[in-house]
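S.K.: Next one to model:
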Amino acid sequence: MSTAIRLGRLGATPQKSAMVLVFELCAAAGGARKLDEAAKRRACCIAHTVLAAAESWGFKYSDVLLELAARGRRGVVVLDLAAQVIAHVGGPDKLFALIDLVTAPADWEGFAQ
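M.R.: Presented below is the predicted three-dimensional model:
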């Protein structure tokens, strides 16, 4: 089952689900969530991959988003930044596809090729 289908139920729409997901990844990466070290490293890897993809298409506020999310700020500004990340990656479907790629087990790489 694809990530887009599983995560599509977080919010009322795929866009809201994607915004929540981006926020939660950034919050977990910044230490706003109580996670063990392995989970925090994993969230950090996924968040930085998503933000790097957005930056490659012109997003300039990764540091701001990470800082606000790490503080647990889930206001209009943070959700707007999350929406910008999604727009820069190409929309919710592309975001979920990117996360599918990042989270696929390493032993599947040969199979996918």
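S.K.: The lengthiest helix in the chain: how far from the chain's middle?
M.R.: Ranked by number of residues, the top helix in the chain under DSSP state H is helix 37-56. Centroid displacement of helix 37-56 relative to its chain, using CA atoms, centre = their mean, to the nearest Å, is 7 Å.
S.K.: Which residues does it contact?
M.R.: By CB atoms under 8 Å, 6 or more residues apart in numbering, the residues outside helix 37-56 that reach it are 22, 25-26, 28-29, 31, 33, 35, 59, 62, 65-66, 84-85, 88-89, 95, 98-99, 102-103. Backbone N, C-alpha and C define where each C-beta goes, glycine included.
S.K.: pLDDT averaged over that helix, what's the number?
M.R.: For helix 37-56, mean pLDDT rounds to 93.
S.K.: What are the buried residues along that helix?
M.R.: 40, 42-44, 46-51, 53-54 (16 or more other CB atoms under 10 Å).
S.K.: What are the buried residues along the helix or strand following that helix?
M.R.: Per DSSP states H and E, the first helix or strand lying C-terminal to helix 37-56 is helix 62-70. Using 16+ other CB under 10 Å as the test for burial, helix 62-70 gives 62, 65-66, 68-70.
S.K.: Low-confidence ranges, the chain, go.
M.R.: 1-12, 106-113 (pLDDT under 70).
S.K.: Which residue would you name as the spatial centre of it?
M.R.: Val22 (3.4 Å; CA atoms, centre = their mean).
S.K.: And for it, nearest residue in space, chain neighbours not counted?
M.R.: Using CB to CB, 6 or more residues apart in numbering and skipping the chain neighbours, the partner closest in space to Val22 is Ala82 (4.1 Å).
S.K.: can you tell me which residues contact the one you found?
M.R.: Ala82 touches 18-20, 22-23, 26, 65, counting by CB under 8 Å, 6+ apart.
S.K.: and the angle from the host helix or strand of it to helix 62-70?
M.R.: Under the criterion of DSSP H and E, Ala82 resides in helix 76-89. Between helix 76-89 and helix 62-70, the angle comes out at 130 degrees (axes from the mean of the first three to the mean of the last three CA atoms, to 10 degrees).
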